[in-house]
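Colleague: Predicted model, plus sequence, below.
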Amino acid sequence: MKKHHAKKGCASPGKNQVSELLILPDGQILVHNLTPVFAGLLHELNPDDEHISSRVTRHMSPRL
Amino acid sequence: MIRIAQERRSPARREEVGVQSRDVRDCSEGMLKRELQRAGPETGVPRSVLAGERARTARAMLADCRLCAHDCGVNRLAGETGLCHAGAEARFFCAQIEVSDELELIPTFAVALSGCDLRCDFCITGTSSWNPRAGAGFDAPTMAAKARAALQNGARTIMVLGGEPNIHLPVALEFVSLLPETAKLIWKTNAHGSAPARELLEGMFDVWLVDFKFGNDACAQWLAKTPDYVRVVEENLLWADDHSELIVRHLLMPGHVECCWKPVAEWLAENLPGVKVNLRSGFWPAWQAARHTELRRTVSRPESAQAVDLAQRLGLNLVP
């Protein structure tokens, strides 16, 4: 899995993939710049979440 | 629950802004729109060729930059900078495949250019969006190679965004000139561009993905330091609807349902009925949002419910 980190924007554009999360006290998770890899991870954590399951791409390599 | 964060017409109004009425909404495919986009003396010229020519025109325009509605008139080629602080060269702060945009557009290869002509205190990308010197230098051939690789790797679309890509129109068009003719291209914009910029964009992008952020000029001035906001955005929306596929986004802001979402929704219902609208409720208090008391929190469930209810009562075409 490619590295995901919390720094705003791509620190080294093109080298790392970046997704950002904000987890709220009520358990909601807000996501920005969701990558396929991170969508897959979130889907594994909660397969019943329709918002994420509709965004999971199963046939895509994380590398360009 | 996981939410993704930010992110028919009135003939009289169209005449006001010089937009010709042309009803192509009912076409089954985007093909006719694409043909209409290329109608006129340039019919038959490949997009890549047009884009290359227009990139050179756009670069020359930097000598008296009026690409956005701020209309600064500075000579960016000579090192002068206007309100966006952008120079003649472009940089980018992110380029990757993403799946957080509209379902019909993902996976998309998203290229985020540094710098913006708005100053939204709640900007989720903050410094990278505001600072045109953030990130790395943008080399169109290199980025086009990455985009082609992304398409081969399963990306459905290529999205150019920012910051605000319109302030970097020359390199955006150069990028387009190097992409396959068949690639579906998305122009994600704040719709604060000028008429000359729009002319260069005609036929270049298949979809305009437009953020309609504020429902009144007072909020736009207070939160984004931008005057005359509503008129400019509405003018761009009407133009975009006539020249490409259009998806309008509105990021719900806490405490701004009545003052911002309601007028935006009502305007869309009256002037662009049937247009795709993505109502996003994933606001989070990023960047300098804490300067504004009401923006120090996320959108509440009642606010989200109220916003969706309004959209449904107005008959808006909400898309995920």
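Modeller: Thanks, I have it.
Colleague: just so I have it, where are all the strands in the chain?
Modeller: All of this refers to chain A. Assigned by DSSP state E, chain A shows strands spanning A:20-23, A:29-32.
Colleague: Chain B was what I was after
Modeller: Under DSSP E, chain B gives strands at B:2-4, B:91-98, B:108-113, B:136-137, B:157-161, B:184-189, B:207-211, B:245-251, B:276-280, B:317-318.
Colleague: Now mean neighbour count too, for the ones you listed, in TSV please.
Modeller: C-beta: built from backbone N, CA, C; applies to glycine. Formatted as TSV, the strands of chain B follow (neighbours: other C-beta atoms under 10 Å in any protein chain shown):
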stretch	mean neighbour count
strand B:2-4	22
strand B:91-98	26
strand B:108-113	26
strand B:136-137	14
strand B:157-161	25
strand B:184-189	23
strand B:207-211	24
strand B:245-251	22
strand B:276-280	20
strand B:317-318	14
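Colleague: Reformat these as TSV; add distance to chain A and mean pLDDT.
Modeller: Formatted as TSV, the strands of chain B follow (distance: least, C-beta to the nearest C-beta, whole Å; pLDDT from 0 to 100):
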stretch	distance to chain A	mean pLDDT
strand B:2-4	5	68
strand B:91-98	4	96
strand B:108-113	8	97
strand B:136-137	5	96
strand B:157-161	11	98
strand B:184-189	13	98
strand B:207-211	14	98
strand B:245-251	11	98
strand B:276-280	10	98
strand B:317-318	14	98
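Colleague: Including distance to residue A:30, could the ones you listed go into CSV?
Modeller: Converted to CSV, those look like this (distance: least, C-beta to C-beta, whole Å):
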stretch, distance to residue A:30
strand B:2-4, 6
strand B:91-98, 15
strand B:108-113, 18
strand B:136-137, 27
strand B:157-161, 19
strand B:184-189, 19
strand B:207-211, 17
strand B:245-251, 12
strand B:276-280, 10
strand B:317-318, 19
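Colleague: follow-up on the earlier one: hey, which of the strands of chain A is tucked in deepest?
Modeller: Mean neighbour count (mean count of other C-beta atoms under 10 Å in any protein chain shown) peaks for strand A:29-32 among these, with a mean of 22.
Colleague: What ranges in chain A fall below the confidence cut-off?
Modeller: A:1-15, A:58-64 (pLDDT under 70).
Colleague: what do you get if the cut-off is 50, keeping everything else the same?
Modeller: A:1-7, A:11 (pLDDT under 50).
Colleague: quick revisit: distance to chain B for the strands of chain A - can I get that in JSON lines?
Modeller: Output for these, formatted as JSON lines (distance: least, C-beta to the nearest C-beta, whole Å):
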{"stretch": "strand A:20-23", "distance to chain B": "5"}
{"stretch": "strand A:29-32", "distance to chain B": "4"}
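Colleague: who wins for proximity to residue B:173 among these?
Modeller: strand A:29-32 (27.4 Å; C-beta to C-beta).
Colleague: which residues in the stretch 151-300 of chain B form helices?
Modeller: B:169-177, B:195-201, B:217-224, B:229-243, B:262-271 (DSSP state H, counting those that start in this stretch).
Colleague: tell me the centre residue of chain B?
Modeller: Residue closest to the average C-alpha location in chain B (C-alpha atoms, centre = their mean): residue B:189, at 1.4 Å.
Colleague: My guess is that residue contacts residue B:210. True?
Modeller: Yes: Residue B:189 is within contact range of residue B:210, at 5.8 Å (criterion: C-beta atoms under 8 Å).
Colleague: Residues that sit against both of those two, list them.
Modeller: The contact sets of residue B:189 and residue B:210 overlap at residue B:236 (C-beta atoms under 8 Å, 6 or more residues apart in numbering or on different chains).
Colleague: average pLDDT for stretch B:300-313?
Modeller: Mean pLDDT, stretch B:300-313: 97.
Colleague: Ok, stretch B:68-75 next?
Modeller: Average pLDDT, stretch B:68-75: 98.
Colleague: roughly how far is that stretch from the heart of the chain?
Modeller: Put simply, stretch B:68-75 sits 18 Å off its chain's centre (C-alpha atoms, centre = their mean, to the nearest Å).
Colleague: Give me the buried positions along it.
Modeller: B:68, B:69, B:70, B:72, B:74 (16 or more other C-beta atoms under 10 Å in any protein chain shown).
Colleague: Over to stretch B:149-165?
Modeller: Result for stretch B:149-165 [16+ other C-beta under 10 Å]: buried residues B:150-151, B:153, B:155-165.
Colleague: Show me which pair in these is furthest apart.
Modeller: Maximum distance among the buried residues of stretch B:149-165 (C-beta to C-beta): 27.3 Å, for B:153 and B:164.
Colleague: List the contacts of residue B:237.
Modeller: Residue B:237 neighbours (C-beta under 8 Å, 6+ apart): B:191, B:210, B:212, B:246, B:248, B:271, B:272.
Colleague: do residue B:261 as well
Modeller: B:215, B:250, B:252, B:279, B:307, B:310.
Colleague: What residues does the stretch 201-320 of chain B have near chain A?
Modeller: Within the stretch 201-320 of chain B, the residues that sit near chain A (C-beta under 8 Å from any C-beta of the partner chain) are B:282, B:284, B:298, B:320.
Colleague: Wait, residue B:206 touches residue B:246, no?
Modeller: No: the pair residue B:206 / residue B:246 is not scored as a contact, 10.6 Å apart, by C-beta under 8 Å.
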